[in-house]
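Peer 1: how would this look folded up:
(chains A and B)
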Amino acid sequence: MDEKTLAYINLFAVLGGLSKLCELDGDCHKLIEGRDVAIGITVKDGPEGTIHFHDGVCDVTPGVDKCDIKLPFSSCKKFNGLIDGTVTPIPSKGFTKIGFLLKQFTRLTDKLTAYLRPDPEALKDEEFFTVSTTIMFHLILDAVAQIGSVDKIGKASASYIVDGDVRVAIEGGPEGHIHARNHVLTAVHAPVEHPTSYMVFSSMRDARDLFDGKVNAVVCVGLGKVRIGGMISMVDNVNRILDRVSLYLA
Amino acid sequence: MRKVYEYPKSRAAFERACKVIPSGIYGHQGPAEGCYVPVEAFPLYSSRARGSYLWDLDGNRFIDYMCAYGPNVLGYNDPEVDEAAECQRRISDCTTLPNPVMIDFADLLVETVACADWAFFAKNGNDVTTCAVMTARAYTHRKKLVFFKGYYHGVSPWTQKIDYAGVLEEDVANNLYVTWNDFDELSEVFEQNRGEIAAIIAQPYMHGNFADNELPAEGFWQKVRKLCDDTGTVLIIDDVRAGFRLDLAGSDHYFGFKADLICFCKALANGYNVSALCGREFLKNSVSSLSFTGSYWMSAVPFAAGIACINKMKRLGCPQLLIDKGTKLKNGLVTTALKYGYDLHVSGVPSLFYLRIADDPTLMLHQEWIAECVKRGVFFTNHHNHFINASLTDEDIAETLEIADEAFAVVKDRHS
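Peer 2: Okay, the predicted model is just below:
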């Protein structure tokens, strides 16, 4: 496993999950209502991004030009330690807003962890299950884009992907797509009007079982629990990247 | 209107299989790798086969244009081949000492295949492509192999890509990839790896999936042959897929050049399990030096079947017969498509035709039409080349065109 790729996943996919968390979880939404704070994360020889909380909405974007709090990390491994909970960040900017970092931000990341590494009992609650699976769906989409752009083997898979959009969706649930252009992958968390190919899970339960590694994707295609079509070579190569998502997020 | 097939027994069998067999049906004959879109349109198991037909578990009959992905070249259960196999079975099959029918089969291949001075037998295409690259490395004492992008040479780790499950970076570290038909790029790769390339391994033309199959450019193979001669590189032709459907003397002969090593399997024995690596005299000692064998590689029954198969193919003038049948089908399909305003591309050599409706680059329209054909009794697949067999009749072709017409009508109606 490559620390640099993991750092990109941790910033843009895992912390990127805060965006859906604040949208889907009422308590989290309330936590950032009326707030306008931007946390910049800069990793030496790794990713740079800003988590921006504004008016009840959260988004994560590349670059740290407009941040209120800046968290520098001397290496990808150090930053990955933050996500593991083994490293405590020291801000280089924004000491006046450190309260948000210690209070609201910590509560948000704790809640995110609860959804991403859920107690099996918690998943019995239908609403919790739906939010957890939806956040996971979008996180995986982001992770695919990061792995396809940074990981050596993921880049090899991306190099075989022709230009176009792979629609990824769960029937009755979330939808997004992977946009491919010149073998660069971008995750888009919105429907695509004219997909080049598609991979559609038949239900939230089936999707969840796949995410949790309880069932095999090839079997699911055979059973009709996952629908694939269009330029299937794209789906095939995205699927190879998906295999690596589980390696990084295990 | 024809009856639209349903497959409850196939589905039930698949669900049973998923409990005890990885993927239910693994590999290219499974619904995922076989690109069965939608999966409900396709049968999953056969109950019997004869000539050009196979029947599924639900009793539906199909004109089968996949021919078991190639082995069915004379027709399923060809009586001559089956009789030869049965005669040999009564004598001996898998024994401690090989039966001399093995020598008879080698003699026949040396007599038939233009570049063959000897024959080495195994079971699957992958066995002989692997044997070929080991031979090239043993002979040249070099590591690297050149592949043409879009290739398929089997499933051993050296044939796969860096991102495939279970494949190590080291497995493919000596693989070099070049664009098909781009001789300048090939020359540049040779220049950059001077004295390091053991072999070029290639199919006689590009059978890639999701795109039209591409024949060699004028003079391409002759230039490749010269490059190999000039650099002491072994030229391996993987004729596993196309072998005996273009030319009984080998597909290199068809395209006017001579391979150093040539790999056969599929059409070699009409479904009996045998593969062969044939090659030129100067490589015989290198093959002899390999430690490469298998439990069933010298079984006699497939050799007897192979002899009967090649002799019958010779008598029928098989490659031309298959090309003629394929051309008739191709012309009929293109005309039928045009009737509905569709631009159906039929590429490759007609005995191994590849289909693509070019009106929709996403291939979804193509997948819809294939599904409607399958549901009415013509077994096409979406993104693999098809195969013609010698038992295919004019009536079969006419029935295929009738079904293709109805399938186009259904698709057209759906989108109008």
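Peer 1: Toward the C-terminus, what is the element adjacent to the lowest-mean-pLDDT helix or strand in chain A?
Peer 2: One helix or strand of chain A scores below all others by mean pLDDT, DSSP states H and E: helix A:98-100, with a mean of 79. As assigned by DSSP states H and E, the chain's next helix or strand after helix A:98-100 is helix A:106-116.
Peer 1: Need the contact partners of stretch A:42-51.
Peer 2: Stretch A:42-51 is contacted by residues A:4, A:7-8, A:11-12, A:15, A:18, A:38-41, A:58-67, A:70-76, A:78-79 when judged by Cβ atoms under 8 Å, 6 or more residues apart in numbering or on different chains. (Each C-beta comes from the backbone N, C-alpha and C, glycine too.)
Peer 1: The residues you listed also near chain B: which ones?
Peer 2: With Cβ under 8 Å from any Cβ of the partner chain as the criterion, the contacts of stretch A:42-51 include none near chain B.
Peer 1: Just the ones in strands from those residues, please.
Peer 2: Cross-referencing these against strands under DSSP state E gives A:38-41, A:58-62, A:70-73.
Peer 1: Can you flag the buried ones in the contacts of stretch A:42-51?
Peer 2: By neighbour count, with 16 or more other Cβ atoms under 10 Å in any protein chain shown, the contacts of stretch A:42-51 hold A:4, A:7-8, A:11-12, A:15, A:18, A:38-41, A:58, A:60, A:64, A:67, A:70-73, A:76, A:78-79 as buried.
Peer 1: contacting residues for the most centrally placed residue in chain B?
Peer 2: By Cα atoms, centre = their mean, chain B has its centre lying nearest to B:Arg241, at 2.4 Å. Taking Cβ under 8 Å, 6+ apart as the criterion, B:Arg241 is in contact with B:70, B:125, B:152, B:203, B:207, B:266, B:352, B:385.
Peer 1: who's in contact with the residue nearest to the first one when sequence neighbours are not counted?
Peer 2: Closest residue to B:Gly70 apart from its sequence neighbours, by Cβ to Cβ, 6 or more residues apart in numbering or on different chains: B:Lys266 at 3.3 Å. The contact partners of B:Lys266, taken as Cβ under 8 Å, 6+ apart, are B:69-71, B:73, B:125, B:240-241, B:243.
Peer 1: Could you pick out the residues of chain A near chain B for me?
Peer 2: A:153-154, A:156-157, A:160, A:164, A:194-197, A:216-219, A:221-224, A:227-233, A:237, A:240-241, A:243.
Peer 1: rerun at 7 Å
Peer 2: Within reach of chain B by Cβ under 7 Å from any Cβ of the partner chain, chain A has these residues: A:153, A:156-157, A:196-197, A:216, A:218-219, A:221-224, A:227-233, A:240, A:243.
Peer 1: Can you tell me which of these are buried?
Peer 2: For those, buried by 16+ other Cβ under 10 Å: A:153, A:156-157, A:196-197, A:216, A:218-219, A:221-223, A:227-233, A:240, A:243.
Peer 1: Now intersect those residues with the helices, please.
Peer 2: A:153, A:156-157, A:218-219, A:221-223, A:232-233, A:240, A:243 (DSSP state H).
Peer 1: Could you dump these into JSON lines with pLDDT and distance to B:Leu316 added?
Peer 2: Output for these, formatted as JSON lines (pLDDT from 0 to 100; distance: Cβ to Cβ, whole Å):
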{"residue": "A:Ile153", "pLDDT": "95", "distance to B:Leu316": "48"}
{"residue": "A:Ala156", "pLDDT": "95", "distance to B:Leu316": "45"}
{"residue": "A:Ser157", "pLDDT": "96", "distance to B:Leu316": "45"}
{"residue": "A:Val218", "pLDDT": "91", "distance to B:Leu316": "39"}
{"residue": "A:Val219", "pLDDT": "93", "distance to B:Leu316": "42"}
{"residue": "A:Val221", "pLDDT": "94", "distance to B:Leu316": "39"}
{"residue": "A:Gly222", "pLDDT": "95", "distance to B:Leu316": "38"}
{"residue": "A:Leu223", "pLDDT": "94", "distance to B:Leu316": "42"}
{"residue": "A:Ile232", "pLDDT": "96", "distance to B:Leu316": "36"}
{"residue": "A:Ser233", "pLDDT": "95", "distance to B:Leu316": "37"}
{"residue": "A:Arg240", "pLDDT": "94", "distance to B:Leu316": "43"}
{"residue": "A:Asp243", "pLDDT": "90", "distance to B:Leu316": "47"}
